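Sharing a sequence plus its predicted fold:
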Amino acid sequence: MDTANISQCPELTVKCFLLSRFQSAIAQQETLGKIPLNLIGGTILKNRQDAREARDEFSCGTGKMPVPKQVIENGAIFPLNRSKDSARVLYVSAIALKLAKTWQQTPQTIAAQLAETLKPLCYPDFAVKVAPAGIIELELTDAGLAVWLQRLAQTNLPVPESRILSPVVSADRLFPIQYSHARCCSLLRMAHRDRIIAIAQPDVTRAPQIWSLASPNPIPWIDEGDRLRLLHPAERSLISQLLTVLDNLSPNFEVKKLEKPVNYFKLANDLSEAFQIFYSQCRIWGEVKIEQPKLAQARLGLILATQSLLRSLLENFFNAIAPLEL
């Protein structure tokens, strides 16, 4: 049984991690051999393709942007969506409803079976339960969110297999996004000078893929009571937007027959706006630096993650400069 948690898995996006866990859970059901559906990398394949062979083809690894190698004819996107509640990181799936007719069981029964299989596969990162009507709910725990934030803040993002350029966006529309990126870089270097954090290579001439931290490592996301320090609505909103961006860069975004086109400008602009609200409402210096230095470091960790995603969007999707300063 594959019980590796988020920290031990190659998937960078939370959605990709969950899709792989659903794949394992369905594969463990005794009835799998009787049904013509295979769950592969976020797609239900209406054929008898061997799951192990297809899993290699639809890898969600981090070495490159994980995308399907081909469009699967008659496929259907796996039903896994995130709740709009920014105070929680909650994913819901109606897969049991899709499997009910084929498995000849009620959605509630299928959901209960899958949930029991998913619990050890997702522990301790997700709390799994079954809601009415056979909907499976998976809520990211504080411990799981801390691990994911640490990886996002200190792991190079996947590089697209091919350059995926968004439709041309005018310079004046990109400027607020570039400004947010430059502000992130300025805050990180200022925090380094003030010894709140220690950046391994602070003196660079262009924005790095990631600002590698010498300390603190790991970033103190969790308090002494094992709860996430980042509770302010603006912090949670920024975390939610980080998730949204990565979820939209998940394996299926090039399957044009199955997915709506991704509006990369909206993704980047929404992330930029969420960062600006966070920056205006969540202090790092002054009393916070003196009285709550670990909270200041956790907020700087969010800035690290934001800078990394903004840089990737600007350079890889708009062919634009990600400036260190403006």
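Thanks, I have the structure now. Numbers count the residues shown, from 1 in each chain.

Do a quick rundown of the helices in the stretch 101-250 of the chain.
With DSSP state H, counting those that start in this stretch, the ranges of helices along the stretch 101-250 of the chain come out as 107-122, 142-154, 171-193, 233-248.

would you turn those into a markdown table with distance to Asn81, mean neighbour count and mean pLDDT?
Heads up, the C-betas are built off the backbone N, CA and C, glycines and all. As requested, the helices of the stretch 101-250 of the chain are arranged in a markdown table below (distance: least, C-beta to C-beta, whole Å; neighbours: other C-beta atoms under 10 Å; pLDDT from 0 to 100):
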| stretch | distance to Asn81 | mean neighbour count | mean pLDDT |
| --- | --- | --- | --- |
| helix 107-122 | 15 | 20 | 93 |
| helix 142-154 | 18 | 22 | 92 |
| helix 171-193 | 26 | 18 | 95 |
| helix 233-248 | 9 | 20 | 93 |
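
can you list these in JSON lines and add distance to Pro216?
Shown next, in JSON lines, are the helices of the stretch 101-250 of the chain (distance: least, C-beta to C-beta, whole Å):
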{"stretch": "helix 107-122", "distance to Pro216": "27"}
{"stretch": "helix 142-154", "distance to Pro216": "11"}
{"stretch": "helix 171-193", "distance to Pro216": "11"}
{"stretch": "helix 233-248", "distance to Pro216": "18"}
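
now for those, which one comes closest to Ile136?
Checking those against Ile136 by C-beta to C-beta gives helix 107-122 as the closest, at 5.2 Å.

Mind listing residues that contact that closest one?
For helix 107-122, contacts defined as C-beta atoms under 8 Å, 6 or more residues apart in numbering pick out 1-3, 5, 18, 21-22, 24-26, 28-29, 95-97, 99-100, 103, 126, 128-130, 133-136, 138.

got the angle for that helix vs helix 142-154?
Between helix 107-122 and helix 142-154, the angle comes out at 60 degrees (axes from the mean of the first three to the mean of the last three C-alpha atoms, to 10 degrees).

Number the residues from 28 up from this point.
New numbering, starting at 28: the last item is helix 134-149.

hmm, back to that, need the buried ones from the contacts of helix 134-149 selected in ChimeraX.
What follows is the ChimeraX syntax for the buried subset of the contacts of helix 134-149, where burial is set by 16 or more other C-beta atoms under 10 Å:
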select :32,45,48,49,51,52,53,56,122,123,124,126,127,130,153,155,157,161,162,163,165
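
which ones are touching Leu124?
If you count contacts by C-beta under 8 Å, 6+ apart, then Leu124 has 106, 134, 160-162 around it.

follow-up on the earlier one: can you say which of the helices of the stretch 128-277 of the chain is nearest to Pro350?
helix 198-220 (4.7 Å).

The closest one: how far from the chain's middle?
22 Å (C-alpha atoms, centre = their mean, to the nearest Å).

what secondary structure does Arg115 sit in?
Three-state call for Arg115 (DSSP: H, G, I helix; E, B strand; the rest coil): coil.

any idea how far the residue lying closest to Thr40 once chain neighbours are set aside lies from Gln56?
Nearest non-adjacent residue to Thr40, counting by C-beta to C-beta, 6 or more residues apart in numbering: Leu273, 4.3 Å away. To Gln56, Leu273 is 29 Å away according to C-beta to C-beta, to the nearest Å.

same deal with Glu164?
Distance from Glu164 to Gln56, by C-beta to C-beta: 19 Å.

Over to Asn343?
Distance from Asn343 to Gln56, by C-beta to C-beta: 39 Å.

What segments of the protein are strands?
65-67, 70-72, 103-104, 107-109, 117-120, 153-158, 162-167, 225-226, 240-242 (DSSP state E).

Distance to Leu327 and mean pLDDT added to the ones you listed, as JSON lines?
Shown next, in JSON lines, are the strands of the chain (distance: least, C-beta to C-beta, whole Å; pLDDT from 0 to 100):
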{"stretch": "strand 65-67", "distance to Leu327": "39", "mean pLDDT": "39"}
{"stretch": "strand 70-72", "distance to Leu327": "38", "mean pLDDT": "41"}
{"stretch": "strand 103-104", "distance to Leu327": "36", "mean pLDDT": "50"}
{"stretch": "strand 107-109", "distance to Leu327": "25", "mean pLDDT": "90"}
{"stretch": "strand 117-120", "distance to Leu327": "26", "mean pLDDT": "95"}
{"stretch": "strand 153-158", "distance to Leu327": "27", "mean pLDDT": "95"}
{"stretch": "strand 162-167", "distance to Leu327": "21", "mean pLDDT": "96"}
{"stretch": "strand 225-226", "distance to Leu327": "10", "mean pLDDT": "94"}
{"stretch": "strand 240-242", "distance to Leu327": "9", "mean pLDDT": "92"}
